[in-house]
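Trainee: Dropping the sequence and predicted coords here.
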Amino acid sequence: MDSITLKALVDKTNNRVIYAESNEDFVDILFSFFTIPMGKIIRLTRNRSPAVGCMNNLYESVQNLEVRRFRTETCRSMLLNPRSAAAAECENLKLKLDGYDRLWYFGCSVSCTSSNHKLLSHYPEAICACGRRMDSSIGLATKNDLDAAGGGLFVKRLARLIISDKLQIVPSSTAASFSILSKLGIMDGSLIEERSFNIRLDEALKLLKCSLVSKTPLTEVLLQNNPAPKPSEEDFEQESPKRPKLEATSNRDGKIVVKLMISKSKQVVCYAEAGEDFVDLLFSFLCIPLGFIVKQMQDSNSKVCINHLYDSVQSLDAEQYLKSQEKKAMLLSPKLAPGFSYENELLGVEEDTHPTYYYSTKKGGDAKLVSDKTLLSSDSSRSVLGVTVMDPKSRYSNNKDKKSGQGFLGGPALFTVTDDLIIAAISSISGLSVLSKLKVPFGDIEERTVHVGKNEALRLLVASLVSKSALTDTFLLQQPKQEFEEL
């Protein structure tokens, strides 16, 4: 099994990691966290407590919702296992956090792919424009295109970097070491020792989870038999500019209408009633790369370690330590994978584009799919045609637009959404059950209509990552709170 050897200084008295030092291999793993969609993070870490805000509930809601509620079967698959726009690049990481979830290519038949509709899909459940299921696997011919300069994916070869217990990363130097020791109040060298650790896939996934819920992720993972002190709510307090409560008089143009059922005495949202457009927005959170969400948190004073890691990417000199400005942008402003956006989405996440694919066939011979024409021979007997990747959310795709079209859910439909983002098809019984569970008298309920635009959608996105009461935090509180379970 692949592993990375990591050297770390350990405080023997308090049994905590002071800092680790590494080359590009380990830091590339940490930086790659920003490229992973939230749904993928939940899929990889959901068996490890605690839950991440409301994201686990969103994921389980997709699992529990009937398939017929989705526009296509593929839509459900996309949400439960969303793709990363950087998946191809991350194949070169020393540890592949996504396991063996490689990108597949499917067509409905050789003749249809090469002569009729010329469509390609990444999902075997997709339906071609001819009406047949696209379940015929097609291999993509590639070449070894490793960077001639060598080194890692994001970090340059031979770079040495220090990683603090809070995931603050700085260039390795004596001054940086002394600064960390001084901040921890360590003045006696006899109190520290050097240790080596083997980081495998399991440890990398634990670090991914701890970066979201712990204030000392290196100690939690590397010294797992002696866990660090539990993080307090004060350590994770997030501040943001005060905002007025949203009333029914909010701007309505281009916004999603949502009905909130509010406890007047407790001033919390018990649940919401909304259409498929609002639930499409919530489910789309699972497709958003982590880096985009953390970017929205940059105006806060959050002490969550994933924020420290993001700040480190911003601070590192791209020319000296990173492979390129483009790689830096891939981390700080990650894109949606192609096909995951939809018309009228509110978050404003840029969607990546598919490369141009070519399908080459030869009479009585083999068929070949490439995205690099130089891999095709000059054989005049071969026919070469461009093929289009279909919108995976379309039921019968003759849609060849580059921008994705419809959302994930069919409609019209109504849903119940609880404060912690458990979503189900609307039911008066389930609504009353929520009130009973919260011990809210029926006479204490106030119905309020709010209108969700881009600002509200972004606040809701961040709240779903850091809070267990996303609706209340977004629509009622003047300052959002951030809650973390004990590890």
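Mentor: That came in fine, so what should we check first?

Trainee: could you point out which element follows whichever strand or helix holds Lys40?
Mentor: Assigned by DSSP states H and E, Lys40 belongs to helix 38-45. With elements assigned by DSSP H and E, the helix or strand that comes after helix 38-45 is helix 55-64.

Trainee: In the stretch 301-450 of the chain, what residue spans correspond to helices?
Mentor: Counting by DSSP state H, counting those that start in this stretch, the stretch 301-450 of the chain has helices at residues 305-315, 318-321, 325-332, 428-438.

Trainee: Counting by contacts, list what the helix holding Lys40 packs against.
Mentor: In terms of contacts (3 or more Cβ pairs under 8 Å, 6 or more residues apart in numbering; DSSP states H and E), helix 38-45 is packed against helix 55-64, helix 73-80, helix 201-213, helix 290-295. Every C-beta, even on glycine, is put in place using the N, C-alpha and C of the backbone.

Trainee: Tell me which of the ones you listed sits most buried.
Mentor: With neighbours defined as mean count of other Cβ atoms under 10 Å, the helices and strands packed on helix 38-45 peak in mean count at helix 290-295, which reaches a mean of 24.

Trainee: what sits up against the helix holding Lys40?
Mentor: Contact with helix 38-45 is made by 52, 55-56, 58-59, 62, 79-82, 84, 97-99, 205, 208-209, 212, 285-290, 293, 465, as judged by Cβ atoms under 8 Å, 6 or more residues apart in numbering.

Trainee: same check, this time on stretch 336-347
Mentor: The contact list for stretch 336-347 (Cβ under 8 Å, 6+ apart) reads 37, 78, 82-85, 87, 122, 254, 256, 277, 280-281, 284, 287-289, 292, 349-354, 389, 391-393, 403-408, 452-454, 457-458, 461.

Trainee: quick revisit: could you figure out how far the helix holding Lys40 is turned away from helix 73-80?
Mentor: Helix 38-45 and helix 73-80 are oriented at 70 degrees to each other (axes from the mean of the first three to the mean of the last three Cα atoms, to 10 degrees).

Trainee: Among the helices and strands packed on helix 38-45, which comes closest to Val313?
Mentor: Evaluated over these, closeness to Val313 peaks at helix 290-295, with 8.5 Å, by Cβ to Cβ.

Trainee: Mean confidence (pLDDT) on the closest one, please.
Mentor: Across helix 290-295, pLDDT averages out at 96.

Trainee: and the residue lying closest to Lys373 once chain neighbours are set aside, how many neighbours?
Mentor: Excluding its sequence neighbours, the residue lying closest to Lys373 (Cβ to Cβ, 6 or more residues apart in numbering) is Tyr358, at 6.1 Å. Tyr358: 18 surrounding residues under other Cβ atoms under 10 Å.

Trainee: contacting residues for Tyr358?
Mentor: Counting by Cβ under 8 Å, 6+ apart, Tyr358 touches Leu369, Val370, Ser371, Lys373, Leu376, Val384, Leu385, Gly386, Val387.

Trainee: Distance check, the nearest residue to the third one once chain neighbours are set aside against Val452.
Mentor: Taking Cβ to Cβ, 6+ apart as the measure, Ser371 lies nearest to Pro355, with 4.2 Å between them; neighbours along the chain are not counted. Using Cβ to Cβ, to the nearest Å, Pro355 is found at 35 Å from Val452.

Trainee: now swap in Asn15 and tell me
Mentor: Separation of Asn15 from Val452 (Cβ to Cβ) stands at 47 Å.

Trainee: likewise Gln320?
Mentor: On the measure of Cβ to Cβ, Gln320 and Val452 end up 43 Å apart.

Trainee: related to what we said a few turns ago, closest one to Val170 among the helices of the stretch 301-450 of the chain?
Mentor: Smallest distance to Val170 across these (Cβ to Cβ): 7.3 Å, for helix 305-315.

Trainee: What segments of the stretch 51-200 of the chain are helices?
Mentor: 55-64, 73-80, 87-90, 110-111, 174-183.

Trainee: Before I go, just wanted to say thanks for your time.
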